[in-house]
Every structure is written in C-alpha cells, then in structure tokens.
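> sequence unknown, structure follows:
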C-alpha cells in the first residue's frame, strides 16, 4: 500500500512539474492596493505603478514602461476615479458612462473593434468598448455606481503591432478587477 501511495505521489509531482514547465504564460502578477477603499488591481511583475490625486480626481497607472512626469506610456492600464458625478454632469453615473461609451466611436480616427456592451449586477453597471486608431488599440471599461454617485473609468492600451501579445496581460488585468462598491 505504501508503494502505491509513493507511485501516485510521484505521478502527481511529475504532472505538476510538466504542467508548470509547459505553461506558456510565465507572467506573474501581484495585487496593488489603489487607495480607493478595498479596490485592488493586478500588476504584472516588473511593470511600473504611479498614482495621483488632484482636485477630487484620482488616477492610477500600471504600465510596462516607466511612467513619465506627464503620465505618458505606450502599454498599460489606466484608472480614473471620479465621485459626485451627478453634480458634475447632471446625469447619474450610469447614464453618463453609457453616453461616454457611445461617444467613443465618434472620436476622430477611431474604429470600433468590439461593439459597445453593458453589464449590470445589483449595484454596479459596467459599460465597455474596444477601439483602434492608426497607432494603438484601447479597451475601455466604465463601471458606474449610482448609489455612491461614483464612476471608475478604466482602459488598457497598447500599440497596434504589440496588441496581440500585450492583450494577454491586459485581459487578465481588466477581467480581474476588485472594485469597492461602497465608494
């Protein structure tokens, strides 16, 4: 019986080692606390993080390249958080987010790659779209909370030529958002 157990253990260990060795995605991630309640975002190892807060506007940048003083980079994730949306816009956050997404294709030289979509749970309403221009592709997600009158505007962007590879990382970041629904 002990020999059978050892054989099973060796088979399991070998399987784990083979799966690890064959894992093409060796990008490791860590959670970054945003300072926005319990909201956290994935950051790939060796990427850069910068946060700023000015005049009631919070921004978080997670980028492949070092972030310049004017917040510029070519590949990465951007979060803009705004509160008091109805006071600033005259609309609820969800109305504003939906209109914002609908206006993205109207911007100069923007071609829609993924049509506008929306998703609603009991508290949050999400809206998204993916567009490209002559230089880059941008995937937008806006998450509105009408109860707290707040809006998360998030995007992942990368140059056209690098999109396929970089979106593997961007997709993980954008599909693993931990947003605090109480802010």
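Thanks, I have the structure now. Computed from a predicted structure; not experimentally measured. Numbers count the residues shown, from 1 in each chain.

> separation between the residue lying closest to residue 64 once chain neighbours are set aside and residue 161?
Closest residue to residue 64 apart from its sequence neighbours, by Cβ to Cβ, 6 or more residues apart in numbering: residue 75 at 4.1 Å. For glycine as for every other residue, the C-beta is placed from the backbone atoms N, C-alpha and C. Taking Cβ to Cβ, to the nearest Å as the measure, residue 75 falls 11 Å from residue 161.

> of these two, which one has the most company?
Counted by other Cβ atoms under 10 Å, residue 75 and residue 161 do not tie: residue 75 has more neighbours, with 20 against 10.

> tell me which residues touch the more buried one, please.
Residue 75 is in contact with 63, 64, 65, 157, 158, 159, 162, 166, counting by Cβ atoms under 8 Å, 6 or more residues apart in numbering.

> can you give me the strands for the protein?
Assigned by DSSP state E, the chain shows strands spanning 29-33, 40-44, 48-54, 57-63, 76-83, 111-120, 124-132, 136-145, 150-159.

> low-confidence bits of the protein, can you list those?
Residue ranges of the chain with pLDDT under 70: 1-27, 69-71.

> follow-up on the earlier one: buried ones among the contacts of residue 75?
Those of these that meet the buried threshold are 63, 64, 157, 158, 166, by 16 or more other Cβ atoms under 10 Å.

> hey, what's the residue lying closest to the third one once chain neighbours are set aside bridged with?
Meaning residue 157. Distances taken as Cβ to Cβ, 6+ apart put residue 138 closest to residue 157, at 4.5 Å, once the chain neighbours are dropped. Beta-bridge pairing of residue 138 under DSSP bridges involves residue 131, residue 157.

> residue contacts, residue 138?
Counting by Cβ under 8 Å, 6+ apart, the residues that residue 138 touches are 130, 131, 132, 155, 156, 157.

> burial count for residue 97?
27.

> got the contact list for it?
125, 127, 142, 143, 144, 151, 153.

> can you tell me how far it is from residue 42?
According to Cβ to Cβ, residue 97 stands 22 Å off from residue 42.

> same deal with residue 92?
Counting by Cβ to Cβ, the gap from residue 92 to residue 42 is 29 Å.

> please apply the same query to residue 89.
Distance of residue 89 to residue 42, computed by Cβ to Cβ: 29 Å.

> ok, these two, which is more surrounded?
Per other Cβ under 10 Å, whichever of residue 89 and residue 42 has more neighbours is residue 42, with 20 against 15.
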